[in-house]
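Colleague: Here is my input; please provide its structure:
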Amino acid sequence: MEMVRKVVLVDCWMLHHCNYCREVGLGIHVAVAAAVVVVAVAVVVVVVVVVVVVVVVVVVAVVAVVAVVAVVAVVAVVAVADVVPIFLEKILMGALMEGYEN
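Modeller: Now for the predicted structure:
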């Protein structure tokens, strides 16, 4: 908004000190102010879109990392659950056989 005010003030100065501006009149005020507002709105829209895209990318990255960690955890639990009984059986059988031999 400050930019709009400065442009309009410069335009007002030109309107009072320049013959061409005096002949054209208020049309320059409106055109310059409208152009500045359009550019300012466009800049704000671009910034908002960039921020939204960055947030979406970050969220997708976090979800992907969480999904990978979850899959690795499930695979590890399943692998351990498959292997632990075998080791327990070998340990117990070894202890039994050792006790039987003594």
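
Colleague: so how far is V44 from V51?
Modeller: 11 Å (Cβ to Cβ, to the nearest Å). Every residue, glycine included, has its C-beta placed from N, CA and C.

Colleague: try V37
Modeller: Counting by Cβ to Cβ, the gap from V37 to V44 is 11 Å.

Colleague: Comparing these two, which residue is more hemmed in?
Modeller: More crowded of V37 and V44, by other Cβ atoms under 10 Å: V37, with 14 against 10.

Colleague: so what does the helix or strand E89 falls within touch, helix or strand wise?
Modeller: Using DSSP states H and E, E89 falls within helix 26-101. Contact partners of helix 26-101 among helices and strands, from 3 or more Cβ pairs under 8 Å, 6 or more residues apart in numbering; DSSP states H and E: helix 2-17.

Colleague: quick one: average pLDDT of the helix it packs on?
Modeller: Mean pLDDT, helix 2-17: 52.

Colleague: same question, stretch 54-72
Modeller: 96.

Colleague: in it, what counts as buried?
Modeller: For stretch 54-72, burial by neighbour count (16 or more other Cβ atoms under 10 Å) applies to no residue.

Colleague: Please work out how many residues are found near A40.
Modeller: For A40, the count of nearby residues is 14 (other Cβ under 10 Å).

Colleague: how far away is it from V58?
Modeller: 27 Å.

Colleague: do the same with V66
Modeller: Relative to V58, and taking Cβ to Cβ, V66 is found at 13 Å.

Colleague: same check, this time on V37
Modeller: From V37 to V58 the distance is 32 Å (Cβ to Cβ).

Colleague: Same check on V71?
Modeller: 21 Å.

Colleague: cool, and V75?
Modeller: 26 Å.

Colleague: do the same with A34
Modeller: Distance from A34 to V58, by Cβ to Cβ: 36 Å.

Colleague: Neighbours of A33, how many?
Modeller: 15.

Colleague: Same question for V45.
Modeller: V45 has 10 nearby residues by other Cβ under 10 Å.

Colleague: heads up, I number from 42, so please use that
Modeller: Taking 42 as the first residue, the last one we looked at is V86.
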